[in-house]
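Student: Fold the following, please.
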Amino acid sequence: MLKSSVLTSVSVFSMLATATIATAAEEEVEILFGPPHFIDYLVPVESIDPKVVTPRMDTLSPFDEESGHGPLILEGMKTASGPNFAGSYLYLQMPACGTGMTCAVIVNLRDGAIIEVPAGDTGHDFRAQSNLFVTATFDFSTDEPIRHTRYFVLKDNVFSEIYEETKSELCFE
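Tutor: This is a model prediction of the structure:
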């Protein structure tokens, strides 16, 4: 007798590294899922006008303070139309840091706290309606460049890394 099972679809609503299912043959099969997706971390987007929020400069990181980012944060908040990350946060990109890294801060539009962004030298990926934040950095110390993509979730003004993916990348042919 032929034993088989058909898996028609898998829907992932929370970040799972692996899942185990039982087939018709009662054997366990491990399914590996890739990196998390923005849809897995949805949050409601609040209607907050950044122009009426006072950023708390006492929460500015030493690097941002030394770099003179305070006035740039104030200027960025004047031109922003609302939250662009995690429902109630404003991502603001700063001028280059001088090391090839993307400089940015995030302002909590509820309490004005300024949050340091995880480092990434090729930019950041994020959504207004999700608290998932993605960074990518490259390691050129080997013969073949390696890309490190890191996934974070922001909760209570703190980033927590939840997943990392490392791949060899050929940048030039």
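Student: mind listing what's buried in stretch 151-171?
Tutor: 151-154, 159, 162-163 (16 or more other CB atoms under 10 Å). All C-beta spots, glycine's among them, are computed from the backbone N, C-alpha and C.
Student: now swap in stretch 114-123 and tell me
Tutor: 114-115, 117-118, 120.
Student: Report the contact partners of the residue most central in space within the chain.
Tutor: Residue closest to the mean C-alpha point of the chain, counted by CA atoms, centre = their mean, is Phe133 at 0.8 Å. Contacts for Phe133 (CB atoms under 8 Å, 6 or more residues apart in numbering) come out as 85-86, 117-118, 124-126, 151-154, 159.
Student: Mind jotting down where the helices sit in this protein?
Tutor: 62-66, 69-79 (DSSP state H).
Student: what about the last one, average pLDDT?
Tutor: In this model, helix 69-79 carries a mean pLDDT of 89.
Student: go on, the shortest one?
Tutor: For helix 62-66, the mean per-residue pLDDT is 70.
Student: again with stretch 136-144
Tutor: Stretch 136-144 comes out at a mean pLDDT of 80.
Student: Which entry within the buried residues of stretch 114-123 corresponds to the minimum pLDDT?
Tutor: Gly120 (75).
Student: mind showing which ranges of this structure have poor pLDDT?
Tutor: Filtered on pLDDT under 70, the chain yields the residue ranges 1-32, 63-65, 67, 96-102, 169-173.
Student: show me what contacts the nearest residue to Ile106 once chain neighbours are set aside?
Tutor: Nearest non-adjacent residue to Ile106, counting by CB to CB, 6 or more residues apart in numbering: Ile115, 4.4 Å away. With contact taken as CB under 8 Å, 6+ apart, Ile115 is in contact with 59, 89, 105-108, 154, 157-159.
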